[in-house]
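[1] Sequence isn't available, so here's the structure alone:
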């Protein structure tokens, strides 16, 4: 089955700086890659996703890039704010198959 | 629009006891999922329902876990008997359909087995 790894496990950034989280996946058939944000005491919330027919997708301060050859994808958060502090999970699956394989998560801490 | 509702939010039991969790998905969502999230890990799918039928339960420990969605709306996940390693957050999610639709998660139930 699909195996997803995330790096680094914890990331601290100064407010206003950028944060980048990278994930690698093992199954070259995977073609759908969502990112979820989980705040303390809450369930994960989808923040952005990308399919393998595009290399990059942006939504305001958040962007995701995908490198199919290397089998990795990254989340980029620009102009970080304290409310960006949370655990971020990447996931991968074959589009149409809703069994998401999640990574272990990255704790992002934005220092005011 | 109301989100996915789960209850209880917290539960503490002794090992070998039984426990049940309840989930009410977003109105109109045909697909419902139960995930187990162990501390420090990502969610792992336990079971997926499409209306009142099971689509995928390959990762459900069927000797102790059971789930039902009798009328195709709300769902119950049961553990009997519980083990120490069942301590985790149990997340319920729902989506409009089974293929490629965004999954919306509830707040979860934190289970502690002593």
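    Okay, I see it. What you see is a predicted model; the values in this text were computed from it and never measured.

[2] CA atoms for contacts and neighbours, from now on please.
    OK.

[3] Contact partners for the residue nearest in space to the middle of chain B?
    With distances taken as Cα atoms, centre = their mean, the residue of chain B nearest its centroid is residue B:34 (2.9 Å). By Cα atoms under 8 Å, 6 or more residues apart in numbering or on different chains, the contact list for residue B:34 reads B:45, B:46, B:47, B:48, B:77, B:90, B:91, B:92, B:93.

[4] got it, and residue B:28?
    residue B:96.

[5] close enough to count as contact, residue A:104 and residue A:6?
    Yes: assessed by Cα atoms under 8 Å, residue A:104 is found in contact with residue A:6 at 6.5 Å.

[6] what packs against the lowest-mean-pLDDT helix or strand in chain B?
    In chain B, the helix or strand scored least confidently by mean pLDDT, DSSP states H and E is strand B:53-56, which has a mean of 92. Packing partners of strand B:53-56 (3 or more Cα pairs under 8 Å, 6 or more residues apart in numbering or on different chains; DSSP states H and E): strand B:44-50.

[7] Report the beta-bridge partners for residue B:77.
    For residue B:77, the beta-bridge partners are residue B:21, residue B:67 (DSSP bridges).

[8] Please apply the same query to residue B:53.
    Note on residue B:53: beta-bridge partners residue B:50, judged by DSSP bridges.

[9] Please tell me how far it sits from residue B:71.
    Note on residue B:53: its distance to residue B:71, by Cα to Cα, to the nearest Å, is 10 Å.

[10] More neighbours: the two, which one.
    Applying other Cα atoms under 10 Å in any protein chain shown to residue B:53 and residue B:71 shows that residue B:53 carries more neighbours, namely 14 against 10.

[11] Quick check on the residue nearest to residue A:29 when sequence neighbours are not counted: phi, psi?
    Among residues not flanking residue A:29 along the chain, residue A:94 sits closest, at 6.5 Å (Cα to Cα, 6 or more residues apart in numbering or on different chains). Dihedral pair for residue A:94: phi -90, psi 120, per degrees, to the nearest 10.

[12] in chain A, which spans are strands?
    Using DSSP state E, the strands found in chain A span residues A:4-7, A:10-14, A:19-25, A:32-38, A:45-51, A:56-59, A:62-67, A:72-77, A:86-92, A:101-102, A:106-111.

[13] Single out the most deeply packed of those.
    Stretch with highest mean neighbour count among these: strand A:86-92 (a mean of 26; mean count of other Cα atoms under 10 Å in any protein chain shown).

[14] Right, I'll leave it there.
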